[in-house]
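Peer 1: Fold the following, please.
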Amino acid sequence: MLTPEEYGKILDELEREPNKAELAIFEAMWSEHCSYKSSKRWFHLFNDTSPYLELGIGEGAGLINLGDDLLIGLGLESHNHPSAISPYDGAATGVGGIIRDVLSQGCKPVALLDSIRFGNLDSPHSQHLFENVVRGISFYGNCCGIPTVGGEVEFAPPFENNCLVNAMCVGVVQKHKVVRSIASNPGDFFVLYGARTGRDGIHGVSFASKDLSERSDKDRPAVQIGDPLKEKILIDVTLELVKKGFLKGLQDLGGGGLSCAISEMTHKGNTGAIVRLEDIPLREDDMDPWEIIVSESQERMLGVVDAKNLLSVEEILKQRDLFYAIIGEVTGNSHFIAYYKGNKVIDLPVDLIVEGFPEPERIIETPDYINKDFKEMPKIKDLRSEILKLFSSPNIGDK
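Peer 2: Numbering: from 1, shown residues only. Down below sits the predicted model:
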């Protein structure tokens, strides 16, 4: 939800009341999940000067040069809240999302890893989350043909009501085949391809940015539903488009949906966009414009294609039987403009969407569960019993 301060900033900048579709964009893009508004102040600490670093923070994946212009792509994301209320789908779509993030730089995804945390293993709730998160992770990767090569799991009381589910993908790409998540040339076309757009995942980034509570179960519709077999086709098609050099820009549609992909790509390119929402393939015909623009339906990519390659791209997408549409064009006016059946429903400055949020003040505190009075190691009287106690812990025993 937007804060009163944020809504006031929107009114001041627009000098008018935003409509429902525009408010939905701000709510998505100014969420913690999309804007990183609480952590952005520390981004300067990331290494961006190493000679082997080809692409640092700011896009779907980082790229490291291994030599001979072979790059490795690394992406990591959390899917904590979705997994807490719908562990199978939440974990599965976390894997799907990070695969597409790495894919969006032109990389071929080759491996998955995961790092997960739950409450005590003797808790029925933690057992339920653990079993279904692991099922979701393994099923999605296996169906895509991408192995999970490593990971870790630990159990501790602080994670009882807020599990952590971190998914990582590793990919490879030749340096000359790298694609950026950018739309820099007015006149290029936006091509949306993959699955159809539905209502699953609407308000997903807003839900992911707020505290969990006993009432969070009502947010279950905000969790996306994945289709890993569709993702496998999406991966193969995208890699073919990359190989043939048909994509001038590429971004996946995860958190925030089209509102995020279009605004971020045009912001990086100092451009704008005109989009026709009625051209987007839908699963449900009665969707409103605001629902279409922020839907987080999975297995979708947004490509930027120039006019000379448009017919070739369409032919490839038709051959693979993927839903696709040419939904708009890159413009030079730095505004995100969208029409629905001839009516203008969105007209917002791209810079305001992506970076216009008021930066919140945050208090840094030490968590209560950390023992601040710990001064020395306890004296051990029975070494054998203490070792057996350690080995009986699920965090250590099988390792």
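Peer 1: Any regions of this protein where pLDDT drops low?
Peer 2: For the chain, applying pLDDT under 70 flags the ranges 203-223, 369, 371-375, 399.
Peer 1: which residues in it form strands?
Peer 2: For the chain, the strands defined by DSSP state E occupy 53-55, 62-65, 70-78, 108-118, 148-155, 164-174, 189-194, 249-252, 272-276, 300-305, 323-331, 335-340, 343-349.
Peer 1: gap between the shortest one and the chain center?
Peer 2: This means strand 53-55. From the chain centre to the centre of strand 53-55 is a distance of 20 Å (Cα atoms, centre = their mean, to the nearest Å).
Peer 1: Run me through the strand neighbours of that strand, direction for each.
Peer 2: Strand 53-55 pairs in its sheet with strand 62-65 (antiparallel), by DSSP bridges.
Peer 1: now the strands of the chain in JSON lines, with mean neighbour count and distance to E291?
Peer 2: In this view, the C-beta of every residue, glycine as well, is placed from N, C-alpha and C. JSON lines is the format used below for these (neighbours: other Cβ atoms under 10 Å; distance: least, Cβ to Cβ, whole Å):
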{"stretch": "strand 53-55", "mean neighbour count": "17", "distance to E291": "33"}
{"stretch": "strand 62-65", "mean neighbour count": "19", "distance to E291": "33"}
{"stretch": "strand 70-78", "mean neighbour count": "20", "distance to E291": "24"}
{"stretch": "strand 108-118", "mean neighbour count": "21", "distance to E291": "30"}
{"stretch": "strand 148-155", "mean neighbour count": "15", "distance to E291": "33"}
{"stretch": "strand 164-174", "mean neighbour count": "22", "distance to E291": "26"}
{"stretch": "strand 189-194", "mean neighbour count": "24", "distance to E291": "15"}
{"stretch": "strand 249-252", "mean neighbour count": "26", "distance to E291": "19"}
{"stretch": "strand 272-276", "mean neighbour count": "22", "distance to E291": "14"}
{"stretch": "strand 300-305", "mean neighbour count": "26", "distance to E291": "15"}
{"stretch": "strand 323-331", "mean neighbour count": "20", "distance to E291": "15"}
{"stretch": "strand 335-340", "mean neighbour count": "21", "distance to E291": "11"}
{"stretch": "strand 343-349", "mean neighbour count": "18", "distance to E291": "12"}
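Peer 1: Of those, give the one that comes closest to R100.
Peer 2: strand 249-252 (3.4 Å; Cβ to Cβ).
Peer 1: Dump the strands of the chain into a markdown table; add distance to D398 as well.
Peer 2: Converted to a markdown table, the strands of the chain look like this (distance: least, Cβ to Cβ, whole Å):
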| stretch | distance to D398 |
| --- | --- |
| strand 53-55 | 36 |
| strand 62-65 | 32 |
| strand 70-78 | 24 |
| strand 108-118 | 15 |
| strand 148-155 | 10 |
| strand 164-174 | 20 |
| strand 189-194 | 39 |
| strand 249-252 | 35 |
| strand 272-276 | 51 |
| strand 300-305 | 39 |
| strand 323-331 | 44 |
| strand 335-340 | 50 |
| strand 343-349 | 52 |
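Peer 1: ok, now which ones touch the closest residue to L71 other than its chain neighbours?
Peer 2: Counting by Cβ to Cβ, 6 or more residues apart in numbering, L63 is the residue found nearest to L71 once chain neighbours are left out, at 4.7 Å. Contact analysis of L63 by Cβ atoms under 8 Å, 6 or more residues apart in numbering lists L53, E54, L55, L71, I72, G73, L74, Q105, C107, V173, V178.
Peer 1: hang on, isn't the first one packed against I64?
Peer 2: Yes. Taking Cβ atoms under 8 Å as the contact criterion, L53 and I64 are neighbours in contact, 6.3 Å apart.
Peer 1: T238: what's it in contact with?
Peer 2: Contact partners of T238, counting by Cβ under 8 Å, 6+ apart, are L103, L247, L250, M301.
Peer 1: so the second one makes contact with E240?
Peer 2: What it means is L247. No. With contacts counted by Cβ under 8 Å, L247 stays clear of E240, the gap being 10.3 Å.
Peer 1: The two - which one has more neighbours?
Peer 2: Counted by other Cβ atoms under 10 Å, L247 and E240 do not tie: L247 has more neighbours, with 22 against 15.
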